[in-house]
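Asks: my questions concern the predicted model and sequence given below.
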Protein chains: 2
Amino acid sequence: MRNVNAQTITEAVLARQSNTADPRLKRIMTSLVKHLHEFAREVELTEEEWFGAIEFMTRCGNITDDKRQEFILLSDVLGLSMLIVAQNNDKPAGCTEATVFGPFHVEGAPHYELGADIANGARGTPCEVRGTVRGSGGEPVAGAQIDVWQSDADGLYDVQHPAVDHAQARGILNADSEGRYHFRSILAVPYSIPHDGPVGDLLKATGQRPWRPAHLHFLITAPGFETLVTHVFRSDDPYLDSDAVFGVRQSLIADWKQQPDGSYLVEYDFVLNPSA
Amino acid sequence: MRNVNAQTITEAVLARQSNTADPRLKRIMTSLVKHLHEFAREVELTEEEWFGAIEFMTRCGNITDDKRQEFILLSDVLGLSMLIVAQNNDKPAGCTEATVFGPFHVEGAPHYELGADIANGARGTPCEVRGTVRGSGGEPVAGAQIDVWQSDADGLYDVQHPAVDHAQARGILNADSEGRYHFRSILAVPYSIPHDGPVGDLLKATGQRPWRPAHLHFLITAPGFETLVTHVFRSDDPYLDSDAVFGVRQSLIADWKQQPDGSYLVEYDFVLNPSA
């Protein structure tokens, strides 16, 4: 295989990959190579632009560590994350919709008893969160595991604070025997996604703003049910129609109600889809 | 913009990017988003596969440093690099063809006088390299700058040897007043591209081998001429038809001739294309 040109290179690469043992991987790589090549031909990508792309990916790699995930952020702002969520979560009506996972989940968050304050020192206006986890038939999901995480009053997650070395405003709880959960935390506020790196430069160059509407993240698991990765958004947020990562669903918006003492209360009930 | 689905997300992202100031960037990003989304829809990419891709890119980032460039390697094995070279180097007949840059060039290699031994301690069978640099009208290009780099007898570039902290088998020379160049180095041998990282895993999973046919890299610059990035390949190499990065061109193949003393000699003349 010699003397390939900008057209014949595609068939040459596919021929080379023809011995891929896993048929699923073969299908994915075939489509990936075709689209990647077609993109480069369609825009007549120059060598300088190609090198700019290499440098961009290298910068994404350099800034990514165990506390920052620039590749997920890139996928998020390109709408790829929400596309993947949407095409893999076609749940029956009545089930809670899924949305993007985001780059700020941490494995192994601390476990809390129901009613605990998961803020654990995070700065913000006190807020109580409560609701019920049910199956699609209305039955309570006893003991459902609820992994929740959110940013603080500065719009930053614990992992974004260099001086914070322990979990704040994140934790894992289990619903009670009637599927009910409640915990204390802080008021969710809108924040900008990290924009001091290559993804921030891309947003700026493409005339986009980095804001996300205020939200709580939830990852809910229970035997016999599909895992649910979702957010609950604040109904009074100015960025609901301009979420930088395209994650807002009308059904995930709730009212954060201010209480007489200045704290907030939000109630949200989740409905899980039974496993296939 | 709420409740996007796997189809409407594409228009949502393009609408968000509609304020991109640079028309060229807008064209590139529009095509990129369309192809990226179409790929994900076409193969019905799952959430697990998406996360596998995030992990793959993260691994590429982790292994990339000032001596290793996994993103270029990835572009090379996906045929993207050769596609970009091909569509940007449509030179007139008679001009030396271009091929891939590769991940092993180092800025600021040492300068040598003509005739010097650029091996500088690299292990290998001695080899002399000589030829002429001419313009497409046949005129010698006096003083053309020739940046050359190659691997050693182990198939490794200097930057791949942890214990080597200086340039070996790479250097910069200037052709003489008649466009002639000559230098001593070592015999080029076939080698495998770095396959102990994510790109190696990809090659293995797709049934590909990491071998590249023996070659010398050249980056030739001269005022009034287009920069030439190319290789010279060995005519007796068993991998000429299976180059892992698709870079072989028939016109770039030369005979390495063994001399009575066991050393080798290769002669290759370059023809530069005048700048537009």
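Replies: Everything's here; your move.
Asks: what's the nearest residue to whatever residue of the stretch 151-276 of chain A ends up closest to chain B if we skip its chain neighbours?
Replies: With distances taken as Cβ to the nearest Cβ, the stretch 151-276 of chain A approaches chain B most closely at A:G207, which sits 3.0 Å away. For glycine as for every other residue, the C-beta is placed from the backbone atoms N, C-alpha and C. Beyond its immediate neighbours in the sequence, the residue positioned closest to A:G207 (Cβ to Cβ, 6 or more residues apart in numbering or on different chains) is B:N19, lying 3.0 Å away.
Asks: now A:S18
Replies: In this structure, A:S18 finds its nearest non-sequential neighbour in B:G207, 7.5 Å apart by Cβ to Cβ, 6+ apart.
Asks: and the closest residue to chain B within chain A, what's its pLDDT?
Replies: Distances from chain A to chain B, computed as Cβ to the nearest Cβ, single out A:G61 as the nearest residue at 2.0 Å. The score at A:G61 is 98. That number is its pLDDT.
Asks: same for the longest helix along chain A, what does it pack against?
Replies: Selection of the longest helix in chain A by residue count, based on DSSP state H, yields helix A:23-42. For helix A:23-42, the contact count by 3 or more Cβ pairs under 8 Å, 6 or more residues apart in numbering or on different chains; DSSP states H and E identifies helix A:8-16, helix B:23-42, helix B:80-88 as packing neighbours.
Asks: tabulate those in CSV, adding columns for distance to A:P198, mean pLDDT and mean neighbour count.
Replies: Putting these into CSV (distance: least, Cβ to Cβ, whole Å; pLDDT from 0 to 100; neighbours: other Cβ atoms under 10 Å in any protein chain shown) gives the following:
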stretch, distance to A:P198, mean pLDDT, mean neighbour count
helix A:8-16, 27, 97, 19
helix B:23-42, 14, 98, 18
helix B:80-88, 19, 97, 24
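Asks: the ones you listed: which one's closest to B:S251?
Replies: Taking Cβ to Cβ, helix B:80-88 is the member of these nearest to B:S251, at 13.4 Å.
Asks: any idea of the mean pLDDT for the following helix or strand past that closest one?
Replies: For helix B:80-88, the succeeding helix or strand toward the C-terminus, using DSSP states H and E, is strand B:126-135. Strand B:126-135 carries an average pLDDT of 98.
Asks: what residues does strand B:126-135 touch?
Replies: Among residues not part of strand B:126-135, those counted as contacts by Cβ atoms under 8 Å, 6 or more residues apart in numbering or on different chains are B:119, B:140-141, B:144, B:146, B:148, B:175, B:178-188, B:216, B:220, B:222, B:224-225, B:256, B:262-272, B:274.
Asks: show the buried residues in the residues you listed.
Replies: Among the contacts of strand B:126-135, the ones that count as buried by 16 or more other Cβ atoms under 10 Å in any protein chain shown are B:119, B:140-141, B:144, B:146, B:148, B:175, B:179-188, B:216, B:220, B:222, B:225, B:256, B:264, B:266, B:268, B:270-272.
Asks: so the residue nearest to A:G207, which of the three states?
Replies: Counting by DSSP: H, G, I helix; E, B strand; the rest coil, the backbone at B:N19 sits in coil.
Asks: mind listing what it touches?
Replies: Listed by Cβ under 8 Å, 6+ apart, the contact set of B:N19 reads A:T206, A:G207, A:Q208.
Asks: okay, and which of the residues you listed map to helices?
Replies: Per DSSP H, the subset of those in helices is empty.
Asks: turn the buried ones among these into a named PyMOL selection, would you?
Replies: Paste this into PyMOL to select the buried members of the contacts of B:N19, with burial taken from 16+ other Cβ under 10 Å:
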select buried, chain A and resi 206+208
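Asks: closest one to B:M57 out of the contacts of B:N19, please.
Replies: Set against B:M57, the nearest of the contacts of B:N19 by Cβ to Cβ is A:T206 (20.2 Å).
Asks: isn't that closest one up against B:I28?
Replies: No - checked against Cβ atoms under 8 Å, the pair A:T206 and B:I28 is beyond contact range at 10.1 Å.
Asks: pLDDT weak spots in chain A?
Replies: Scanning chain A with the threshold set as pLDDT under 70 gives no residue ranges.
Asks: with only the CA atoms kept, save stretch A:22-34 in CSV.
Replies: Output in CSV follows, covering the C-alpha atoms of stretch A:22-34 (Å, rounded to 0.1, in the frame of the first residue of the first chain):
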residue,chain,number,x,y,z
ASP,A,22,-14.4,-7.5,17.9
PRO,A,23,-17.2,-6.7,15.4
ARG,A,24,-18.5,-3.9,17.6
LEU,A,25,-15.1,-2.2,17.7
LYS,A,26,-14.8,-2.7,13.9
ARG,A,27,-18.1,-1.0,13.3
ILE,A,28,-17.1,1.9,15.6
MET,A,29,-13.6,2.4,14.1
THR,A,30,-15.0,2.1,10.5
SER,A,31,-17.4,4.9,11.1
LEU,A,32,-14.9,7.0,13.1
VAL,A,33,-12.3,6.8,10.3
LYS,A,34,-14.8,7.7,7.6
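Asks: tell me, how many neighbours does the residue lying closest to A:C95 once chain neighbours are set aside end up with?
Replies: The shortest distance from A:C95 to any non-neighbouring residue, by Cβ to Cβ, 6+ apart, is to A:N273 (4.4 Å). Counted by other Cβ atoms under 10 Å in any protein chain shown, the residues lying close to A:N273 total 19.
Asks: also A:E97?
Replies: A:E97: 17 neighbours (other Cβ under 10 Å).
Asks: tell me the contacts of the residue nearest to it when sequence neighbours are not counted?
Replies: In space, and not counting its chain neighbours, A:E97 is closest to A:R249: 4.7 Å by Cβ to Cβ, 6+ apart. When the contact criterion is Cβ under 8 Å, 6+ apart, the partners of A:R249 are A:E97, A:T99, B:R2, B:N3.
Asks: and the last one, how far from A:N62?
Replies: I take that to be B:N3. To A:N62, B:N3 is 36 Å away according to Cβ to Cβ, to the nearest Å.
Asks: one more: the second one?
Replies: According to Cβ to Cβ, A:T99 stands 29 Å off from A:N62.
Asks: quick one: name whatever helix or strand follows the helix or strand where A:T230 lies.
Replies: A:T230 belongs to strand A:228-234 when assigned by DSSP H and E. Once strand A:228-234 ends, the next helix or strand along the chain (criterion: DSSP H and E) is strand A:253-254.
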